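> Model the following, please.
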Amino acid sequence: MATFEFWPDYGGALLWTERGERVSLDQASLPRELVDRAERWVAGYDDSKLPWEPTRDDYWLSEGRRLLADLRAALDEQGIDLVPDEDFWAD
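Next comes the predicted model:
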């Protein structure tokens, strides 16, 4: 089974291979609605929203957890395991 990593970052980066190569959401053969949702969410990425920052964004983080679960389910159907880059995504 292939593995992708859920690792939001600047520039719309969200999915990565085990070798650290970016995977575009369109390349991942996901439902259009899920791709659109993921693109909107990751476009709002900023380090200041992360849980260890005083300016953390709990709403954005919660949406990220839901998105991880939905992406994981869709990719699992393709035989791809999706793992988070940080433990807090899987909470």
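> which SSE is the residue sitting furthest away from the middle of the chain in?
In the chain, the greatest distance from the average C-alpha position (C-alpha atoms, centre = their mean) is reached by Pro54, at 22.0 Å. Pro54 belongs to no helix or strand when elements are defined using DSSP states H and E.
> Check Val83 too.
Counting by DSSP H and E, the element that carries Val83 is strand 80-84.
> Distance check, the residue farthest from the centre of the chain against Ser48.
Going from Pro54 to Ser48 by C-beta to C-beta, to the nearest Å gives 9 Å. (Glycine included, C-beta is placed from N, CA and C.)
> sorry, back to before: tell me which strands the strand holding Val83 pairs with, and in which orientation.
Looking at strand 80-84 with DSSP bridges, its partner strands are strand 2-6 (parallel).
> buried ones in the strand it pairs with?
Using 16 or more other C-beta atoms under 10 Å as the test for burial, strand 2-6 gives 4-6.
> what's the helix or strand following that strand in contact with?
Toward the C-terminus, strand 2-6 is succeeded by strand 15-17 as the next helix or strand (DSSP H and E). Here strand 15-17 makes contact (C-beta atoms under 8 Å, 6 or more residues apart in numbering) with 3-7, 22-25, 28, 71, 82, 85.
> Skipping adjacent residues, who's closest to Glu53 in space?
Nearest non-adjacent residue to Glu53, counting by C-beta to C-beta, 6 or more residues apart in numbering: Asp47, 6.9 Å away.
> For Ala69, give its distance to Phe6.
Between Ala69 and Phe6 the computed distance is 10 Å (C-beta to C-beta).
> Surely Asp70 is in contact with Glu33?
No: using C-beta atoms under 8 Å, Asp70 makes no contact with Glu33, being 9.8 Å away.
> and the two? which has more neighbours close in?
Legend: neighbour count by other C-beta atoms under 10 Å for Asp70 and Glu33, higher for Asp70 (17 against 9).
> Confirm that that one sits in a helix.
Yes: Asp70 forms part of a helix when assessed by DSSP: H, G, I helix; E, B strand; the rest coil.
> give the contact list for it.
34, 37.
> Check what pLDDT it gets.
As predicted, Asp70 sits at a pLDDT of 97.
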